[in-house]
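Sequence first, predicted model second:
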Amino acid sequence: MERIFIPAYERGDPKGYGEALECSRKALAQIDPVEMARKSGASYQEGRFILKSMGHFFTITFPQGIVTFKDSELEPDFLVQVILINYLGRASGEPLTYKYITYRDLPGGNAFYNAFWQMAINPLKETFELNPGGLSVTAPYLGGEVIVENSRSEVLFWFLPRVPLKYLVWGGDEEIEGRANILYDSSASLYLHTEDLAGAGHYLTMYIQDLYQKIQSEGG
């Protein structure tokens, strides 16, 4: 089994996500799996999808929609499971535009932007504004590609094969406050609902923070 750098759990109770998980699984079961694989960039064979997310491979059974890390019985967070299943069901197959937009520019995103800023962008800023280069430290573990690394760091994380998230941090000091942002390919809403895209940013930021702190504590 490949090393896991994001939280992994033994199968448990989804609690508040139970209804959403079951709804996503039922929707998944109604769609042709071969077509889903083609449109989403996943592979499909013998009742199983293999889908790469944040540098990790996951298995999603069809039609049950059971999500585990590949070659493992461990599961990711339940909201991440919902997002992965919803991605398979919604994927349009349209090509990426490579034109990046803010969360507020997504359909309905402006109404939820303040909440997204609080749970995804501001924690990113607070973690890296004094050390923007620290963002790139997490890239190899979470499937990220470092684009710029100096007083401004820019890393492209592949949350899913057709859903890249561009993370940007501008350094600050005692006089100038640092800044951060998270951008999406303008085609993102063809692959995930705006709410799921917020969840993607929230969880990826949280995993970046946790991993960076762990690397720092280990003297990396």
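Ah, there it is.

C-alpha from now on. contacts and neighbour counts both.
Noted.

For stretch 167-180, output the C-alpha coordinates as PDB.
Extracted C-alpha coordinates of stretch 167-180, given in PDB (Å, rounded to 0.1, in the frame of the first residue of the first chain):
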ATOM      1  CA  TYR A 167      -3.300  28.100  -4.500                       C
ATOM      2  CA  LEU A 168      -1.600  31.500  -4.200                       C
ATOM      3  CA  VAL A 169       0.100  33.100  -1.200                       C
ATOM      4  CA  TRP A 170       1.700  36.600  -1.200                       C
ATOM      5  CA  GLY A 171       4.100  37.200   1.700                       C
ATOM      6  CA  GLY A 172       3.600  39.900   4.300                       C
ATOM      7  CA  ASP A 173       5.700  41.400   7.100                       C
ATOM      8  CA  GLU A 174       5.200  43.600  10.100                       C
ATOM      9  CA  GLU A 175       3.900  46.500   7.900                       C
ATOM     10  CA  ILE A 176       2.100  44.700   5.100                       C
ATOM     11  CA  GLU A 177      -0.400  42.000   5.600                       C
ATOM     12  CA  GLY A 178       0.000  38.800   3.500                       C
ATOM     13  CA  ARG A 179      -2.700  37.700   1.100                       C
ATOM     14  CA  ALA A 180      -3.900  34.400  -0.300                       C
END
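
in it, what counts as buried?
By neighbour count on 16 or more other CA atoms under 10 Å, the buried set for stretch 167-180 is 167-172, 178-180.

Could I get the full set of strands for this protein?
Remark: strands assigned in the chain by DSSP state E are 43-45, 48-53, 56-61, 67-69, 100-102, 144-149, 152-160, 163-170, 179-185.

can you map out the helices along the protein?
18-28, 33-40, 78-90, 109-116, 122-128, 134-137, 194-217 (DSSP state H).

partner strands of the helix-or-strand element of the chain with minimal mean pLDDT, parallel or antiparallel?
Across the helices and strands of the chain, the lowest-confidence element by mean pLDDT, DSSP states H and E is strand 144-149, at a mean of 91. Strand pairing for strand 144-149, using DSSP bridges, gives strand 152-160 (antiparallel).

now the angle between helix 194-217 and the partner strand, please.
Strand 152-160 runs at 120 degrees relative to helix 194-217, counting by axes from the mean of the first three to the mean of the last three CA atoms, to 10 degrees.

For strand 152-160, give the mean pLDDT please.
The average of the pLDDT scores along strand 152-160 is 96.

With stretch 192-209 instead?
What stretch 192-209 shows for mean pLDDT is 98.

buried set for that stretch?
For stretch 192-209, burial by neighbour count (16+ other CA under 10 Å) applies to 192-194, 196-209.

where's that stretch relative to the chain centroid, distance-wise?
5 Å (CA atoms, centre = their mean, to the nearest Å).

Residues contacting that stretch from elsewhere in the structure, which ones?
Residues from elsewhere that reach stretch 192-209 (CA atoms under 8 Å, 6 or more residues apart in numbering): 6, 54, 79-80, 83, 86-87, 90-91, 103, 106-109, 116, 119-121, 123-124, 127, 135, 138, 142, 159, 165, 182, 188.

Likewise for stretch 4-22?
By CA under 8 Å, 6+ apart, stretch 4-22 touches 56, 73-79, 81-82, 141-142, 207, 211.

for it, how far is the first residue from the last?
Terminal residues of stretch 4-22 are spaced 26 Å apart (CA to CA, to the nearest Å).

sorry, back to before: between the strands of the chain, which one is closest to Glu218.
strand 144-149 (20.9 Å; CA to CA).
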